[in-house]
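J.: what follows is a predicted protein model with its sequence.
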2 protein chains.
Amino acid sequence: MSNVTTYLSECRNLVLDEMTRMVPSRERAGSNLYELVFSYPLRDAKALRPALCIATCMALAGARDAVLPSATVLELYHNAFLIHDDIEDQSELRRRGPTLHREHGAAIALNVGDAMLALTLSPLLENTRFMGLGRALRVLQVISRMARESAEGQAIELAWIRSGRFDQSDSEYLRMVHKKTGHYSFLAPVLIGGIAAGASESALLLLARFATLLGTAFQIQDDVLNLDVAPELHGKDAMGDLWEGKHTLILLHALRSANRVDFERARHVLGKRRPGTGIEPGRDDALRNRLRELEALGRIAPDVVRELEQAGDASRESPRSADDVDFLMRLIRRHDSIPRARRMAERRARRARRVLARLRPTLGPSAHFDFLEALGDFVTARDH
Amino acid sequence: MSNVTTYLSECRNLVLDEMTRMVPSRERAGSNLYELVFSYPLRDAKALRPALCIATCMALAGARDAVLPSATVLELYHNAFLIHDDIEDQSELRRRGPTLHREHGAAIALNVGDAMLALTLSPLLENTRFMGLGRALRVLQVISRMARESAEGQAIELAWIRSGRFDQSDSEYLRMVHKKTGHYSFLAPVLIGGIAAGASESALLLLARFATLLGTAFQIQDDVLNLDVAPELHGKDAMGDLWEGKHTLILLHALRSANRVDFERARHVLGKRRPGTGIEPGRDDALRNRLRELEALGRIAPDVVRELEQAGDASRESPRSADDVDFLMRLIRRHDSIPRARRMAERRARRARRVLARLRPTLGPSAHFDFLEALGDFVTARDH
C-alpha cells in the first residue's frame, strides 16, 4: 500500500515539473490565467491518471521521457474537467479548498478550464519527436475519443438529473460512469502508456480490459467513500452525493429495492433542490415587503398578492434537509446497498488483476508492473 | 456586396452539411447532446470563418475538399466559444434567440461547448488523408495556438472587468481583441486555407498580415454596430455593450477624453451591475416570471409591476439604469468616439486590401480572390 502512494507521489512530482515547463509564463498571457491553471493540480491530488500512464509505459519497457508529456496532458484534462464539472454541479469544495468558481467566479473558472484544454494540443504534437509519428498520431486519436466520451457521459448524467428519473439499472449506471470518468481516468492513460511503449495489439486489448474493470471498481468505490468516510479525509462535501441527489450505484439500488411508499418519499426528497442552489434566503424580501405595502395602499388586489407570494415560495421551495438525507441514508442501510457496492467494486478489482496477470509472462517483473498490480487493492482499500 | 453574401451563404451550406457528417448520431451519445451542438450553427449565422478559410485555399488554387473539414472545425470552435462566452457574460440573446444556457441551463450549455471542442480533433487528424501529413500537422499547430490565444484574450478581458479599471489604451484594446477574437476568426482561417493550398512562406506572411488588419477592422466595426444599429438587425441586446459595461475602443476613447467629473460619474455607472444579472445563469426567478404573466393577463398594472421589479432589484444593489446608459452614450457622442472608431476600422480595412493586392500577381483572378478583396468593404459597410 505504501509502495502505491510512494509511486503516485513520485509521478506527481514529475508531472508537476513537466506542467511547469508546458504552461506559458504570466508575461505571455498578460493576466493571471496561467497561475490559476495550477490551482487544482497543486492541491492534494493523487495524480493517479499520469501514474497509470507512466507505469504502463515503463512496465512495457518504454521510456519515461517518451510518455511524460502525454501523462501530463492527461492531468491537465482531468483538472480542466474538474473545474467545468464543479461549475456544472455548483460544488462548493474541491480537494479541501473552495472550488475555483467560488474563488474567482464562474466566468474566470470556465475560461481557465478552456485554457487548460487548449494547452493540451501542443505537447501532443511534439510527441512526434519523442515517440515517432505513428505513435504520436495514435495517442492523439485516443485523446480525441476520450474527450468525446467524457462529454457524452456528462450529457447522460445531466439528462438524468433534468428528467428527475431514478430508475436506471446497474448497467446504465456503469455505462454512464465509464463514459464520463472511466474513459479518461483509466482507459486512455493505460492505452497511451501502451502506445508510447509500442505495445502489440493483443497487449493493448488486455490493457484496455484491465483499465475498464479497474475504472468501474474505482468509481463504485468513490460512491462508497462519499457515504462511508469522514469528510476531512474525502476532501469533498460530507455525504455530498446525497445532498446533491446524485445518481449513484448505491442510491439506485436502494430505490430499486424500496417499497412503494419509501420510493415515493425518496423521489419527493430527490426532487427538492440542494441547499444553497436556489434563490438565497432574504433575497426577495424587499420585493415582498413592497408587495404588502402596495396591497395596503390598495394598488394591487389581495388575490394577486397571494398568487405572487406563492410563486415566490415555489421558486425557493424548501431545499433538501438533513432529515431528508437521513431518510435516504436509512433506505440505503436497510437494503445493504453499500456492502453490495463494495462487493461489486472488489469483484471488478479482482478481475482486473486476473487480466493483468495474463500480461506478466511477456512483461517480466518491474516496480511499474507491481504498481499496476497493487492498484487493484489500492482502489478498493483506499480511504480517500 | 451581394456577391459577398452569396459566397458566404454557399460556404455556410457546405459547412452545415459537413458538420452533419462530422457530429455523431443521437444513438451514439445516448442523450440529446448532439442536437444541441447544432443549436447556434443553425441560427442566422454568417459562417464568415469557414468562408475565409475556403476562399483563401481556393484563391491559392487549393482543392475545396482538402479544406472543408478544417473550415467546419473552425465553425465548431467559433460556436463552442460563443456558448462559453454567453455563459461567462450572462448574455440573454444570441442570433435572435435565447442563449443556450437560458434555454437549457448553464450545466448543459457548458458541456455542449466542451463536446464541440472534443469533436474538433478527429477531423483534424483525418486531414492527413486530404492534405498530406506535413500540412495536417501544421494545421493542428495553428489550431493549438489559436485556442490558446483565445483563452488568453478572454482572460485579459475578464481581468479588466474584475479590476474595474477603464484606462486601457487603444493598443491594449487592440491586442486583447486580436487575441480573443481576431486570432480564431481571421488569422487561423486564412492560415489554414493557405496551408491546405500549400502556400509559400512569403504568401503566408502576407495572408497573416491581411487577416490581422481585417480582423481588427471587423472587431472595431462590431463595437460601432452595437451602439449604432437597430437591435433587430444586430441579433444581440440593443446597446448591449453599454448595458454590459464592456471595454470597447469607443467607450475607452470617450472615457479618456472626458473631464474629471464625467469620468468619475462614468466609473461609478460602470461599477454597477447589469440588470438581470443578480440571479445566476440558469436559475429561475419564478416570482418575477409570474409577475410578467399577471401583467400580460391584465391582472396587475404595469406601473405596479415596474415598481415591484425595482424593489426586487434594489434588494440586490441597484443595477445600471437607462439613464446611466444614456449618460455613457452622451459622453461617447460628445467626444465623437463612434466616427473615430469607424475611421480606424476603415483605415485598417483599406490597409488589408493593399496587403492583399500584393498577392494578386501570383494568384491570378478568381471568385475566391474577389471575395477576399470585397471583404474589406463588407466588414466596414455591413449593417449587422
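T.: Okay, I see it. Nothing here was measured: the structure is a model prediction, and the numbers come from that model.
J.: work out the gap between stretch A:66-84 and the centre of the chain.
T.: 13 Å (Cα atoms, centre = their mean, to the nearest Å).
J.: sorry, wrong one. I was asking about stretch A:267-275.
T.: Worked out by Cα atoms, centre = their mean, stretch A:267-275 lies 22 Å from the chain centre.
J.: what of stretch A:251-267?
T.: The chain centre lies 25 Å from the centre of stretch A:251-267; the measure is Cα atoms, centre = their mean.
J.: the stretch 1-150 of chain A: strands as residue ranges?
T.: Using DSSP state E, counting those that start in this stretch, the strands of the stretch 1-150 of chain A run over A:93-94, A:97-98.
J.: winner for burial among those strands?
T.: Among the strands of the stretch 1-150 of chain A, the stretch with the highest mean neighbour count (mean count of other Cβ atoms under 10 Å in any protein chain shown) is strand A:93-94, at a mean of 20. Using the backbone N, CA and C atoms, a C-beta is placed for each residue, glycine as well.
J.: who touches stretch A:198-217?
T.: A:52, A:56, A:60, A:62, A:135, A:174, A:177-178, A:181-183, A:185-187, A:189-191, A:193-195, A:345-346, A:348-349, A:351-352, A:355-356, A:358-359, A:362, A:372, A:375-376, A:379-380 (Cβ atoms under 8 Å, 6 or more residues apart in numbering or on different chains).
J.: and these, which are buried?
T.: The neighbour-count test (16 or more other Cβ atoms under 10 Å in any protein chain shown) applied to the contacts of stretch A:198-217 identifies A:52, A:56, A:60, A:62, A:135, A:174, A:177-178, A:181-183, A:185-187, A:189-191, A:193-195, A:345-346, A:348-349, A:351-352, A:355-356, A:359, A:372, A:375-376, A:379-380 as buried.
J.: low-scoring stretches of chain A, by residue?
T.: Scanning chain A with the threshold set as pLDDT under 70 gives A:1, A:229-238, A:276-289, A:309-317, A:382-384.
J.: may I see the buried residues of stretch A:361-376?
T.: Those would be A:363, A:368-369, A:371-376, for stretch A:361-376 by 16+ other Cβ under 10 Å.
J.: from the residues you listed, pick the one nearest A:Asn127.
T.: A:His368 (20.1 Å; Cβ to Cβ).
J.: what strand or helix carries the closest one?
T.: helix A:367-381 (DSSP states H and E).
J.: could you list every helix and strand in contact with that helix?
T.: Packed against helix A:367-381 by the contact rule (3 or more Cβ pairs under 8 Å, 6 or more residues apart in numbering or on different chains; DSSP states H and E) you find helix A:2-22, helix A:48-59, helix A:201-228, helix A:337-357.
J.: chain center to the longest helix that chain A contains: distance?
T.: For chain A, the longest helix by residue count, based on DSSP state H, is helix A:133-163. Helix A:133-163 sits 13 Å away from the centroid of its parent chain (Cα atoms, centre = their mean).
J.: just checking, what packs against it?
T.: When contacts are defined as 3+ Cβ pairs under 8 Å, 6+ apart, helix A:133-163 packs onto helix A:64-89, helix A:121-131, helix A:170-177, helix A:188-196, helix B:26-29, helix B:33-37, helix B:106-119, helix B:121-131.
J.: rebuild those as JSON lines, extending it with distance to A:Leu270.
T.: Converted to JSON lines, these look like this (distance: least, Cβ to Cβ, whole Å):
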{"stretch": "helix A:64-89", "distance to A:Leu270": "15"}
{"stretch": "helix A:121-131", "distance to A:Leu270": "40"}
{"stretch": "helix A:170-177", "distance to A:Leu270": "15"}
{"stretch": "helix A:188-196", "distance to A:Leu270": "32"}
{"stretch": "helix B:26-29", "distance to A:Leu270": "24"}
{"stretch": "helix B:33-37", "distance to A:Leu270": "23"}
{"stretch": "helix B:106-119", "distance to A:Leu270": "17"}
{"stretch": "helix B:121-131", "distance to A:Leu270": "37"}
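J.: for A:Ala61, grab the count of nearby residues.
T.: 13 (other Cβ atoms under 10 Å in any protein chain shown).
J.: need the nearest residue in space to it, chain neighbours excluded.
T.: A:Ala197 (6.4 Å; Cβ to Cβ, 6 or more residues apart in numbering or on different chains).
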